[in-house]
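Participant: I would like to see how this sequence folds:
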Amino acid sequence: MHLGNSIICPVTGIPMLVAAGAMAVWAFKKAKKDFTKDSILPAVALTSFVFALQMINFSIPTTGSSGHIVGAVLLAALLGPYTGFLAICGILLVQALFFADGGLMALGCNIFNMGILACFAAYPLIYKPLADRKRPVTGAILASIAALQLGSIAVVIESFISGSTSNFAMFASLMQSIHFAIGIIEGIFTAAVIVIANKTAISKKFSYSISGLALILAGFISQYASTKPDGLEWSLLNMSESFVEQTQGYFYNLSEIIQAKTAILSQIPAIPANILGLLAVAAVMYAACIILTNKKSEAYEK
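Facilitator: Numbers count the residues shown, from 1 in each chain. As a prediction, the model looks like this:
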């Protein structure tokens, strides 16, 4: 569901980037209130795990398409919505800067579609009420499906506003249908991880195990990921005649120039690039966690 620069025009991309930045600042302030040093290890481990999961595309039977776990509902459920959202922001930032996976022009849209809607809509409205009623499995499945449905329709709206597509209904039907299938798979996986995490109380053993699994996913299993087009690519291929690339203008050229210089990991072999990307995400999240545990500014304010 990663939108590229050519799909989003500045009229859509720049305001969404500003809004996403404002949400990140707000989420950081909210997360800082309850974040402790004991939360650092699971936060870094789970963020790395979700980053690695996003490398593993799985085929959707009979469609010719593929999908991957987004992981925002999983992060919100295990880390809380604010820290979970910051984790998704870190993942998307590393992907855009170092891999050119998702455009810089579209970064705000991607954060909204995959982070904000999952952490601040699907999680509090669907997952948490059901989890509070001792139904976390049902909550995880329904919230994951809802998150992808909300995200996919947001992609359609953003593309329509940007002028990338004029056939709103066709794009919406394609995106909603393929991401419904992906959402079911993500929901089942998310529920399984949540059940395991709840049984271990997200212990150090769980965090180390998740970190090791992330390394295996990034360094080994990722090379066997499906090469079929993902849900967004598949949708665009099926409506190619109705799609207009947004490749003109100063801001588009600027975003392309910046990414060409920063996307150093897209220029080396996949396995070392994935491992270095994993380390980059872990470092970004660790740095964020250190700042979150710094209470000096709060003490000064009091």
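Participant: Distance from the one helix or strand Leu150 maps to to the middle of the chain?
Facilitator: Using DSSP states H and E, the element containing Leu150 is helix 136-162. Distance of helix 136-162 from the chain centroid (C-alpha atoms, centre = their mean, to the nearest Å) equals 12 Å.
Participant: now stretch 80-90
Facilitator: 9 Å.
Participant: Mean confidence (pLDDT) on that stretch, please.
Facilitator: Across stretch 80-90, pLDDT averages out at 98.
Participant: Use 47 as the first number from now on
Facilitator: Let's use 47 as the start, then, which means that last one is stretch 126-136.
Participant: what residues does that stretch touch?
Facilitator: Contacts of stretch 126-136 with the rest of the structure, by C-beta atoms under 8 Å, 6 or more residues apart in numbering, involve 66, 69-70, 73-74, 76-77, 80-81, 85, 89, 92-93, 96, 117-118, 120-125, 157, 160-162, 164-166, 169-170, 327, 330-331, 334, 338. (C-beta placed from N, C-alpha, C; glycine too.)
Participant: can you check stretch 197-207 too?
Facilitator: 47, 49, 53-54, 57-58, 62, 116, 155, 158-160, 163-164, 211-212, 214, 217-218, 221-222, 224-225, 277-278.
Participant: Kindly format the C-alpha coordinates of that stretch as PDB.
Facilitator: Output of stretch 197-207 as PDB, limited to C-alpha atoms (Å, rounded to 0.1, in the frame of the first residue of the first chain):
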ATOM      1  CA  GLY A 197      -6.200   2.600   4.300                       C
ATOM      2  CA  SER A 198      -7.100   1.300   0.900                       C
ATOM      3  CA  ILE A 199     -10.100   3.700   0.500                       C
ATOM      4  CA  ALA A 200      -7.800   6.500   1.700                       C
ATOM      5  CA  VAL A 201      -5.400   5.600  -1.100                       C
ATOM      6  CA  VAL A 202      -8.200   5.900  -3.600                       C
ATOM      7  CA  ILE A 203      -9.300   9.300  -2.300                       C
ATOM      8  CA  GLU A 204      -5.800  10.700  -2.200                       C
ATOM      9  CA  SER A 205      -5.100   9.500  -5.700                       C
ATOM     10  CA  PHE A 206      -8.400  10.900  -6.900                       C
ATOM     11  CA  ILE A 207      -7.700  14.300  -5.400                       C
END
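Participant: Are we agreed that Val116 is in a helix?
Facilitator: No. Counting by DSSP: H, G, I helix; E, B strand; the rest coil, Val116 is not part of a helix but coil.
Participant: Just the buried residues of the contacts of stretch 126-136.
Facilitator: 66, 69-70, 73-74, 76-77, 81, 85, 89, 92-93, 96, 117-118, 120-125, 157, 160-162, 164-166, 169, 327, 330-331, 334, 338 (16 or more other C-beta atoms under 10 Å).
Participant: And the strand or helix carrying Ala98, what does it pack against?
Facilitator: In this assignment (DSSP H and E), Ala98 forms part of helix 86-99. Counting contacts by 3 or more C-beta pairs under 8 Å, 6 or more residues apart in numbering; DSSP states H and E, helix 86-99 is packed against helix 118-125, helix 127-145, helix 250-265, helix 316-339.
Participant: Let me see the contact set for the residue nearest to Leu261 when sequence neighbours are not counted.
Facilitator: Nearest non-adjacent residue to Leu261, counting by C-beta to C-beta, 6 or more residues apart in numbering: Leu324, 6.7 Å away. By C-beta under 8 Å, 6+ apart, the contact set of Leu324 is 94, 97-98, 260-261, 264.
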